[in-house]
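In: Sequence first, then the predicted structure:
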Amino acid sequence: MSHICSVYDPFPIRIERAKGLYIYSKDGKRYLDSFSGIGVLAFGHGDEDIKRAMIEKMERYMHISNFFLDEDTEIVAAKLIEKTHRNGKVFFANSGAEANEAALKAIKKLRKGLIVSFEKNFHGRTVATLSLTGFENLKKPFEPLLPNVVFLPYNDVQAFENFVSKNGKEIAAVFVECVHGSGGLNVLSHELSRLIMEAKRSFGFLLVADEVQAGLGRTGKFFSYQHFELEPDIVTVAKALGGGLPLGATLFLDDLADVFSHSEHGSTFAPNPVALAGARVVLNRLTEEFIELVAKKGEFLRSRLLRMEPRPIDVRGLGLMIGVEVGVDAKLLKKIALQNGLLLNVVANKVVRFLPALNISFEQIEEMMDLFERSLKEAYGRSHVEKVDSSKS
(Lines give C-alpha, C1' and ligand atoms only; values in the text may rest on other atoms or scores of the structure.)
Protein backbone atom coordinates (compact mmCIF):
# COMPACT_ATOMS: atom_id res chain seq x y z
CA MET A 1 0.00 0.00 0.00
CA SER A 2 1.31 3.43 -0.93
CA HIS A 3 1.45 6.12 1.72
CA ILE A 4 1.39 8.90 -0.90
CA CYS A 5 -1.80 10.86 -1.63
CA SER A 6 -3.25 9.78 -4.98
CA VAL A 7 -3.31 13.22 -6.60
CA TYR A 8 -0.84 12.53 -9.42
CA ASP A 9 -0.53 10.05 -12.27
CA PRO A 10 3.23 9.45 -12.53
CA PHE A 11 5.00 7.83 -15.45
CA PRO A 12 5.86 4.14 -14.80
CA ILE A 13 9.58 4.91 -14.78
CA ARG A 14 12.12 4.44 -12.02
CA ILE A 15 14.54 7.31 -12.63
CA GLU A 16 18.26 6.73 -12.35
CA ARG A 17 19.41 10.20 -13.41
CA ALA A 18 18.61 13.13 -15.71
CA LYS A 19 20.84 15.33 -17.83
CA GLY A 20 20.01 18.03 -20.37
CA LEU A 21 16.86 17.03 -22.23
CA TYR A 22 16.99 13.40 -21.18
CA ILE A 23 15.80 11.26 -18.30
CA TYR A 24 17.44 7.85 -17.81
CA SER A 25 15.62 4.99 -16.12
CA LYS A 26 17.17 2.35 -13.89
CA ASP A 27 16.61 -0.27 -16.58
CA GLY A 28 18.88 1.65 -18.97
CA LYS A 29 16.32 3.39 -21.18
CA ARG A 30 16.59 7.04 -22.26
CA TYR A 31 13.60 9.36 -22.57
CA LEU A 32 13.39 12.82 -24.12
CA ASP A 33 11.64 15.24 -21.73
CA SER A 34 9.45 17.50 -23.88
CA PHE A 35 8.11 19.58 -20.99
CA SER A 36 11.18 20.16 -18.78
CA GLY A 37 9.59 19.52 -15.41
CA ILE A 38 6.42 21.44 -16.43
CA GLY A 39 8.48 24.43 -17.52
CA VAL A 40 10.67 24.54 -14.41
CA LEU A 41 13.98 23.54 -15.99
CA ALA A 42 14.64 26.39 -18.42
CA PHE A 43 18.15 25.07 -19.05
CA GLY A 44 17.38 21.37 -18.82
CA HIS A 45 18.25 18.79 -16.21
CA GLY A 46 21.44 19.16 -14.22
CA ASP A 47 22.71 22.41 -15.72
CA GLU A 48 26.31 22.77 -14.57
CA ASP A 49 26.29 26.55 -13.96
CA ILE A 50 23.09 26.42 -11.91
CA LYS A 51 24.27 23.39 -9.99
CA ARG A 52 27.64 25.01 -9.20
CA ALA A 53 25.99 28.18 -7.87
CA MET A 54 23.63 26.17 -5.67
CA ILE A 55 26.43 23.98 -4.27
CA GLU A 56 28.54 27.04 -3.47
CA LYS A 57 25.60 28.55 -1.58
CA MET A 58 24.84 25.28 0.23
CA GLU A 59 28.42 25.07 1.40
CA ARG A 60 27.84 28.42 3.12
CA TYR A 61 24.26 27.87 4.31
CA MET A 62 20.97 26.34 3.13
CA HIS A 63 18.44 28.41 5.06
CA ILE A 64 18.75 31.58 7.11
CA SER A 65 15.08 32.72 7.41
CA ASN A 66 13.72 36.18 6.74
CA PHE A 67 15.65 37.63 9.67
CA PHE A 68 18.68 37.77 7.37
CA LEU A 69 19.14 39.05 3.83
CA ASP A 70 21.07 36.86 1.41
CA GLU A 71 23.06 38.94 -1.09
CA ASP A 72 21.32 37.30 -4.07
CA THR A 73 17.93 38.60 -2.88
CA GLU A 74 18.55 42.15 -4.07
CA ILE A 75 20.35 40.98 -7.23
CA VAL A 76 17.44 38.78 -8.33
CA ALA A 77 14.79 41.33 -7.34
CA ALA A 78 16.55 44.13 -9.20
CA LYS A 79 16.90 42.02 -12.34
CA LEU A 80 13.20 41.09 -12.34
CA ILE A 81 12.12 44.71 -11.94
CA GLU A 82 14.59 45.82 -14.62
CA LYS A 83 12.94 43.47 -17.12
CA THR A 84 9.56 45.20 -16.64
CA HIS A 85 11.13 48.57 -17.64
CA ARG A 86 9.27 50.06 -14.68
CA ASN A 87 9.92 50.79 -11.01
CA GLY A 88 8.82 48.40 -8.29
CA LYS A 89 9.59 45.98 -5.52
CA VAL A 90 9.49 42.18 -5.21
CA PHE A 91 7.94 39.85 -2.65
CA PHE A 92 9.46 36.37 -2.85
CA ALA A 93 7.36 33.24 -2.36
CA ASN A 94 7.79 29.48 -2.72
CA SER A 95 5.50 28.84 -5.70
CA GLY A 96 3.28 30.35 -8.34
CA ALA A 97 0.20 29.87 -6.17
CA GLU A 98 1.86 31.78 -3.33
CA ALA A 99 2.93 34.53 -5.73
CA ASN A 100 -0.68 34.89 -6.87
CA GLU A 101 -1.85 34.72 -3.27
CA ALA A 102 0.32 37.76 -2.49
CA ALA A 103 -1.16 39.56 -5.50
CA LEU A 104 -4.68 38.78 -4.32
CA LYS A 105 -3.88 39.91 -0.78
CA ALA A 106 -2.58 43.25 -2.10
CA ILE A 107 -5.73 43.71 -4.16
CA LYS A 108 -7.89 43.01 -1.13
CA LYS A 109 -6.00 45.68 0.78
CA LEU A 110 -6.27 48.32 -1.94
CA ARG A 111 -9.59 47.71 -3.67
CA LYS A 112 -13.08 46.51 -2.84
CA GLY A 113 -15.19 45.00 -5.57
CA LEU A 114 -15.21 42.35 -8.26
CA ILE A 115 -12.21 40.37 -9.41
CA VAL A 116 -12.36 39.32 -13.06
CA SER A 117 -10.68 36.18 -14.32
CA PHE A 118 -11.18 34.18 -17.50
CA GLU A 119 -12.36 30.66 -18.24
CA LYS A 120 -9.43 28.21 -18.31
CA ASN A 121 -7.12 30.58 -16.47
CA PHE A 122 -5.01 28.68 -13.95
CA HIS A 123 -3.68 30.60 -10.95
CA GLY A 124 -3.12 27.90 -8.33
CA ARG A 125 -4.72 25.34 -6.05
CA THR A 126 -4.95 27.12 -2.70
CA VAL A 127 -8.49 28.09 -1.71
CA ALA A 128 -7.84 31.71 -2.70
CA THR A 129 -6.06 31.06 -6.00
CA LEU A 130 -8.45 28.25 -6.89
CA SER A 131 -11.17 30.87 -6.61
CA LEU A 132 -9.51 32.64 -9.56
CA THR A 133 -8.95 29.46 -11.59
CA GLY A 134 -11.36 28.89 -14.46
CA PHE A 135 -11.85 25.12 -14.30
CA GLU A 136 -15.18 24.04 -12.80
CA ASN A 137 -14.03 20.46 -12.24
CA LEU A 138 -11.14 21.67 -10.09
CA LYS A 139 -13.28 24.05 -8.03
CA LYS A 140 -16.50 22.13 -7.51
CA PRO A 141 -15.41 19.83 -4.63
CA PHE A 142 -14.17 22.80 -2.59
CA GLU A 143 -16.98 25.31 -2.94
CA PRO A 144 -17.94 27.78 -1.65
CA LEU A 145 -14.73 29.61 -2.50
CA LEU A 146 -14.03 33.35 -2.41
CA PRO A 147 -17.00 35.54 -3.36
CA ASN A 148 -17.05 38.37 -5.92
CA VAL A 149 -14.99 36.54 -8.55
CA VAL A 150 -16.37 36.71 -12.09
CA PHE A 151 -15.28 34.49 -14.99
CA LEU A 152 -15.56 35.70 -18.56
CA PRO A 153 -15.04 33.66 -21.74
CA TYR A 154 -11.43 33.90 -22.92
CA ASN A 155 -10.99 36.09 -26.00
CA ASP A 156 -14.71 36.86 -26.18
CA VAL A 157 -14.43 40.57 -26.88
CA GLN A 158 -18.18 41.18 -26.86
CA ALA A 159 -18.63 39.48 -23.49
CA PHE A 160 -15.86 41.60 -21.99
CA GLU A 161 -17.26 44.83 -23.43
CA ASN A 162 -20.76 44.03 -22.17
CA PHE A 163 -19.54 43.20 -18.69
CA VAL A 164 -17.35 46.29 -18.39
CA SER A 165 -20.11 48.60 -19.68
CA LYS A 166 -22.41 47.38 -16.89
CA ASN A 167 -19.93 46.75 -14.08
CA GLY A 168 -16.78 48.75 -14.83
CA LYS A 169 -16.93 50.82 -11.64
CA GLU A 170 -17.23 47.66 -9.53
CA ILE A 171 -14.09 45.94 -10.86
CA ALA A 172 -11.22 45.82 -8.38
CA ALA A 173 -8.81 43.78 -10.51
CA VAL A 174 -8.41 41.66 -13.63
CA PHE A 175 -6.19 38.56 -13.78
CA VAL A 176 -4.75 37.64 -17.18
CA GLU A 177 -2.83 34.65 -18.49
CA CYS A 178 -1.54 35.75 -21.90
CA VAL A 179 -0.96 32.11 -22.86
CA HIS A 180 -3.11 29.50 -21.14
CA GLY A 181 -0.68 27.11 -19.50
CA SER A 182 -3.18 24.48 -18.37
CA GLY A 183 -6.12 25.60 -20.46
CA GLY A 184 -4.95 24.41 -23.87
CA LEU A 185 -2.26 26.98 -24.79
CA ASN A 186 -4.70 29.51 -26.20
CA VAL A 187 -3.16 32.94 -26.76
CA LEU A 188 -4.69 36.25 -25.69
CA SER A 189 -6.04 38.23 -28.64
CA HIS A 190 -4.63 41.69 -29.30
CA GLU A 191 -8.17 43.03 -29.48
CA LEU A 192 -8.98 41.83 -25.97
CA SER A 193 -5.66 43.12 -24.61
CA ARG A 194 -6.46 46.54 -26.10
CA LEU A 195 -9.90 46.55 -24.51
CA ILE A 196 -8.48 45.52 -21.12
CA MET A 197 -6.10 48.49 -21.20
CA GLU A 198 -8.88 50.88 -22.30
CA ALA A 199 -11.09 49.68 -19.44
CA LYS A 200 -8.20 49.89 -16.98
CA ARG A 201 -7.58 53.53 -17.90
CA SER A 202 -11.31 54.31 -17.66
CA PHE A 203 -12.08 52.59 -14.37
CA GLY A 204 -8.73 52.33 -12.57
CA PHE A 205 -8.80 48.64 -11.68
CA LEU A 206 -5.59 46.73 -11.00
CA LEU A 207 -4.20 44.41 -13.67
CA VAL A 208 -2.34 41.22 -12.75
CA ALA A 209 -0.24 39.39 -15.34
CA ASP A 210 0.28 35.77 -14.33
CA GLU A 211 3.68 34.90 -15.81
CA VAL A 212 4.22 31.78 -13.71
CA GLN A 213 4.51 29.53 -16.75
CA ALA A 214 4.71 31.94 -19.68
CA GLY A 215 7.33 34.27 -18.22
CA LEU A 216 11.13 34.26 -18.12
CA GLY A 217 11.75 34.02 -21.86
CA ARG A 218 9.44 31.09 -22.53
CA THR A 219 7.35 32.83 -25.24
CA GLY A 220 10.13 34.71 -27.00
CA LYS A 221 9.78 37.80 -24.77
CA PHE A 222 11.00 38.06 -21.19
CA PHE A 223 7.36 38.34 -20.04
CA SER A 224 4.53 37.12 -22.24
CA TYR A 225 2.47 40.28 -21.59
CA GLN A 226 5.13 42.20 -23.52
CA HIS A 227 3.71 40.73 -26.74
CA PHE A 228 0.43 42.56 -26.09
CA GLU A 229 1.27 46.09 -24.85
CA LEU A 230 -0.34 45.36 -21.49
CA GLU A 231 0.72 47.48 -18.52
CA PRO A 232 0.17 45.33 -15.44
CA ASP A 233 0.33 46.65 -11.89
CA ILE A 234 1.36 43.26 -10.56
CA VAL A 235 3.35 40.47 -12.23
CA THR A 236 3.69 36.97 -10.79
CA VAL A 237 6.47 34.52 -11.69
CA ALA A 238 7.70 31.12 -10.47
CA LYS A 239 8.47 27.75 -12.15
CA ALA A 240 11.75 28.44 -14.01
CA LEU A 241 12.85 31.19 -11.62
CA GLY A 242 14.55 28.96 -9.04
CA GLY A 243 16.56 26.92 -11.54
CA GLY A 244 14.84 23.72 -10.41
CA LEU A 245 14.13 24.62 -6.79
CA PRO A 246 10.88 26.16 -5.51
CA LEU A 247 10.88 29.95 -5.86
CA GLY A 248 8.17 32.39 -6.80
CA ALA A 249 7.95 36.16 -6.88
CA THR A 250 5.31 38.87 -6.98
CA LEU A 251 6.38 42.11 -8.65
CA PHE A 252 4.54 45.17 -7.39
CA LEU A 253 5.09 47.97 -9.88
CA ASP A 254 5.15 51.77 -9.66
CA ASP A 255 2.55 53.03 -7.14
CA LEU A 256 2.08 49.54 -5.71
CA ALA A 257 5.75 49.11 -4.76
CA ASP A 258 5.08 49.65 -1.05
CA VAL A 259 1.68 47.98 -0.87
CA PHE A 260 2.69 45.85 2.13
CA SER A 261 3.96 47.49 5.29
CA HIS A 262 6.08 45.72 7.90
CA SER A 263 4.73 42.24 8.90
CA GLU A 264 1.62 42.44 6.67
CA HIS A 265 2.86 39.50 4.62
CA GLY A 266 5.69 37.00 4.87
CA SER A 267 7.11 33.51 4.46
CA THR A 268 9.30 31.28 6.62
CA PHE A 269 11.16 29.73 3.69
CA ALA A 270 11.07 32.32 0.91
CA PRO A 271 13.34 33.47 -0.50
CA ASN A 272 15.43 30.36 0.00
CA PRO A 273 19.11 31.29 -0.53
CA VAL A 274 19.92 28.15 -2.53
CA ALA A 275 17.00 28.79 -4.91
CA LEU A 276 18.11 32.42 -5.17
CA ALA A 277 21.57 31.28 -6.27
CA GLY A 278 19.93 29.32 -9.08
CA ALA A 279 17.70 32.28 -9.96
CA ARG A 280 20.73 34.58 -10.29
CA VAL A 281 22.23 32.24 -12.91
CA VAL A 282 18.92 31.78 -14.73
CA LEU A 283 18.29 35.52 -15.03
CA ASN A 284 21.86 36.31 -16.09
CA ARG A 285 21.56 33.81 -18.95
CA LEU A 286 18.22 35.13 -20.18
CA THR A 287 19.80 37.79 -22.37
CA GLU A 288 17.98 39.54 -25.21
CA GLU A 289 19.99 37.50 -27.73
CA PHE A 290 19.13 34.23 -26.01
CA ILE A 291 15.40 35.07 -25.87
CA GLU A 292 15.42 36.07 -29.56
CA LEU A 293 16.82 32.62 -30.28
CA VAL A 294 13.99 31.08 -28.22
CA ALA A 295 11.53 32.84 -30.52
CA LYS A 296 13.29 31.41 -33.59
CA LYS A 297 13.28 27.92 -32.08
CA GLY A 298 9.57 28.29 -31.43
CA GLU A 299 8.96 29.18 -35.07
CA PHE A 300 11.02 26.19 -36.15
CA LEU A 301 9.08 23.87 -33.82
CA ARG A 302 5.77 25.21 -35.09
CA SER A 303 6.77 24.80 -38.76
CA ARG A 304 7.87 21.23 -38.09
CA LEU A 305 4.52 20.43 -36.46
CA LEU A 306 2.62 21.88 -39.41
CA ARG A 307 4.54 19.63 -41.83
CA MET A 308 3.59 16.44 -39.98
CA GLU A 309 1.57 13.59 -41.37
CA PRO A 310 -0.99 13.17 -39.96
CA ARG A 311 -1.18 16.89 -39.42
CA PRO A 312 -2.39 18.01 -35.97
CA ILE A 313 -5.82 19.61 -35.75
CA ASP A 314 -4.34 22.83 -34.36
CA VAL A 315 -1.01 24.26 -33.24
CA ARG A 316 -1.05 27.26 -30.89
CA GLY A 317 1.05 29.11 -28.36
CA LEU A 318 4.11 31.36 -28.47
CA GLY A 319 7.84 30.67 -28.50
CA LEU A 320 8.68 27.38 -26.82
CA MET A 321 5.26 27.18 -25.18
CA ILE A 322 3.29 25.24 -27.78
CA GLY A 323 -0.01 23.39 -27.61
CA VAL A 324 -0.84 20.72 -30.18
CA GLU A 325 -4.44 19.59 -30.49
CA VAL A 326 -4.57 16.03 -31.76
CA GLY A 327 -7.41 13.95 -33.16
CA VAL A 328 -6.66 10.80 -31.20
CA ASP A 329 -7.05 9.73 -27.61
CA ALA A 330 -4.41 11.68 -25.73
CA LYS A 331 -3.84 8.97 -23.12
CA LEU A 332 -3.17 6.45 -25.89
CA LEU A 333 -0.76 8.87 -27.59
CA LYS A 334 1.05 9.52 -24.32
CA LYS A 335 1.43 5.76 -23.74
CA ILE A 336 2.77 5.12 -27.25
CA ALA A 337 5.16 8.06 -27.02
CA LEU A 338 6.53 6.65 -23.76
CA GLN A 339 7.25 3.37 -25.52
CA ASN A 340 9.09 5.37 -28.20
CA GLY A 341 11.20 7.21 -25.64
CA LEU A 342 9.31 10.51 -25.59
CA LEU A 343 7.71 12.00 -22.46
CA LEU A 344 4.55 13.95 -23.30
CA ASN A 345 2.43 16.22 -21.14
CA VAL A 346 -1.29 16.40 -21.99
CA VAL A 347 -3.63 19.20 -20.88
CA ALA A 348 -7.24 20.09 -21.68
CA ASN A 349 -8.11 16.60 -22.93
CA LYS A 350 -6.49 16.42 -26.37
CA VAL A 351 -3.81 19.11 -26.25
CA VAL A 352 -0.15 18.09 -25.96
CA ARG A 353 1.83 20.80 -24.15
CA PHE A 354 5.41 21.26 -25.34
CA LEU A 355 7.61 23.17 -22.87
CA PRO A 356 11.12 22.00 -23.78
CA ALA A 357 14.24 23.44 -22.18
CA LEU A 358 14.92 26.87 -23.65
CA ASN A 359 18.46 25.86 -24.63
CA ILE A 360 17.21 22.94 -26.71
CA SER A 361 19.12 22.77 -30.00
CA PHE A 362 17.50 22.78 -33.44
CA GLU A 363 18.75 19.19 -33.86
CA GLN A 364 17.06 18.17 -30.62
CA ILE A 365 13.83 19.82 -31.78
CA GLU A 366 14.03 17.59 -34.88
CA GLU A 367 14.62 14.55 -32.68
CA MET A 368 11.64 15.46 -30.48
CA MET A 369 9.40 16.02 -33.49
CA ASP A 370 10.48 12.78 -35.18
CA LEU A 371 9.52 10.84 -32.05
CA PHE A 372 6.25 12.74 -31.78
CA GLU A 373 5.32 12.20 -35.43
CA ARG A 374 6.09 8.50 -35.17
CA SER A 375 3.98 8.21 -32.01
CA LEU A 376 1.12 10.16 -33.57
CA LYS A 377 1.06 7.88 -36.62
CA GLU A 378 1.00 4.80 -34.41
CA ALA A 379 -1.81 6.27 -32.30
CA TYR A 380 -3.90 7.05 -35.38
CA GLY A 381 -3.23 3.55 -36.73
CA ARG A 382 -4.20 1.86 -33.49
CA SER A 383 -7.32 4.02 -33.16
CA HIS A 384 -8.39 3.02 -36.68
CA VAL A 385 -7.90 -0.68 -35.91
CA GLU A 386 -9.91 -0.35 -32.69
CA LYS A 387 -12.75 1.38 -34.57
CA VAL A 388 -12.80 -1.38 -37.21
CA ASP A 389 -12.81 -4.10 -34.54
CA SER A 390 -15.57 -2.27 -32.69
CA SER A 391 -17.74 -2.01 -35.82
CA LYS A 392 -17.33 -5.76 -36.53
CA SER A 393 -18.48 -6.67 -33.06
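Out: Yes, it's here. Numbers count the residues shown, from 1 in each chain.
In: which residue ends up closest to the midpoint of this structure in space?
Out: Nearest to the geometric centre of the chain sits residue 213, at 1.5 Å (Cα atoms, centre = their mean).
In: mind checking the SS state of residue 251?
Out: On the three-state scheme (DSSP: H, G, I helix; E, B strand; the rest coil), residue 251 is labelled strand.
In: So in terms of bridging, what pairs with it?
Out: Here residue 251 sits in beta bridges with residue 90, residue 235, as judged by DSSP bridges.
In: Now stretch 128-139: buried residues?
Out: Buried positions in stretch 128-139, judged by neighbour count with 16 or more other Cβ atoms under 10 Å: 128-135, 139. To be clear about C-beta, it is placed using only N, CA and C from the backbone, and glycine gets the same treatment.
In: Just put the residues you listed in CSV and tack on secondary structure, distance to residue 199 and pLDDT.
Out: Formatted as CSV, these follow (DSSP: H, G, I helix; E, B strand; the rest coil; distance: Cβ to Cβ, whole Å; pLDDT from 0 to 100):
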residue, secondary structure, distance to residue 199, pLDDT
128, helix, 24, 95
129, helix, 23, 96
130, helix, 25, 96
131, coil, 22, 96
132, coil, 18, 97
133, coil, 22, 96
134, coil, 19, 94
135, coil, 25, 94
139, helix, 25, 93
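In: quick one: which of these is nearest residue 330?
Out: Proximity of the buried residues of stretch 128-139 to residue 330 (Cβ to Cβ) peaks at residue 135, which lies at 16.6 Å.
In: so who does that closest one touch?
Out: By Cβ atoms under 8 Å, 6 or more residues apart in numbering, the contact set of residue 135 is 120, 122, 182-183.
In: that's a strand at residue 322, yeah?
Out: Yes - Residue 322: assigned to a strand according to three-state DSSP.
In: how close does the residue nearest to it when sequence neighbours are not counted get to residue 237?
Out: Excluding the flanking residues, the one nearest residue 322 by Cβ to Cβ, 6 or more residues apart in numbering is residue 354, at 4.4 Å. Distance of residue 354 to residue 237, given as Cβ to Cβ, to the nearest Å: 20 Å.
In: With residue 243 instead?
Out: Separation of residue 243 from residue 237 (Cβ to Cβ) stands at 13 Å.
In: Before we move on, what's the pLDDT of residue 66?
Out: Note for residue 66: predicted pLDDT of 89.
In: Secondary structure element holding it?
Out: Using DSSP states H and E, residue 66 maps to neither a helix nor a strand.
In: Run a quick check on it versus residue 265, I expect a contact.
Out: No - with contacts counted by Cβ atoms under 8 Å, residue 66 stays clear of residue 265, the gap being 10.7 Å.
In: Compare neighbour counts for the two and give me the winner.
Out: residue 265 (16 against 13; other Cβ atoms under 10 Å).
In: So which residues of this structure form helices?
Out: 36-39, 48-60, 71-84, 96-110, 127-130, 136-139, 157-167, 190-203, 273-285, 288-306, 330-339, 362-392 (DSSP state H).
In: check contacts around the closest residue to residue 271 other than its chain neighbours.
Out: Leaving aside its sequence neighbours, residue 271 sits nearest to residue 92 (Cβ to Cβ, 6+ apart; 3.6 Å). Contacts for residue 92 (Cβ under 8 Å, 6+ apart) come out as 73, 77, 247-249, 267, 270-271, 276.
In: quick one: residue 92 and residue 279, what's the gap?
Out: Distance, residue 92 to residue 279, using Cβ to Cβ: 9 Å.
In: shared neighbours, those two?
Out: residue 247.
In: before we move on, the earlier item: out of the contacts of residue 135, list just those in strands.
Out: If you go by DSSP state E, these have nothing in strands.
In: any chance of these in TSV, with neighbour count too?
Out: Output for the contacts of residue 135, formatted as TSV (neighbours: other Cβ atoms under 10 Å):
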residue	neighbour count
120	20
122	25
182	20
183	21
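In: what's the neighbour count on the nearest residue to residue 317 once chain neighbours are set aside?
Out: Among residues not flanking residue 317 along the chain, residue 185 sits closest, at 4.2 Å (Cβ to Cβ, 6+ apart). Residue 185: 27 surrounding residues under other Cβ under 10 Å.
In: so which of the contacts of residue 135 comes closest to residue 166?
Out: Once Cβ to Cβ is applied, the member of the contacts of residue 135 that ends up nearest residue 166 is residue 120, at 23.1 Å.
In: does the closest one really touch residue 154, like I thought?
Out: Yes - assessed by Cβ under 8 Å, residue 120 is found in contact with residue 154 at 5.8 Å.
In: what touches both of the two?
Out: Residues touching both residue 120 and residue 154 (Cβ under 8 Å, 6+ apart) are 134, 180, 183, 186.
In: how about CSV for those, with distance to residue 369 added?
Out: Formatted as CSV, the shared contacts of residue 120 and residue 154 follow (distance: Cβ to Cβ, whole Å):
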residue, distance to residue 369
134, 31
180, 22
183, 24
186, 22
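In: Check which helices and strands the helix or strand bottoming out on mean pLDDT in the chain sits against.
Out: Of the helices and strands making up the chain, the lowest-confidence element is helix 362-392, at a mean of 82, by mean pLDDT, DSSP states H and E. On a contact count with 3 or more Cβ pairs under 8 Å, 6 or more residues apart in numbering; DSSP states H and E, helix 362-392 meets strand 30-33, helix 288-306, helix 330-339, strand 342-343.
In: Which of the contacts of residue 92 has the largest number of neighbours?
Out: Within the contacts of residue 92, neighbour counts (other Cβ under 10 Å) peak at residue 247, which reaches 30 neighbours.
In: that older thread, any idea how far the residue nearest to the centre of the chain is from residue 291?
Out: Counting by Cβ to Cβ - residue 213 and residue 291 are separated by 16 Å.
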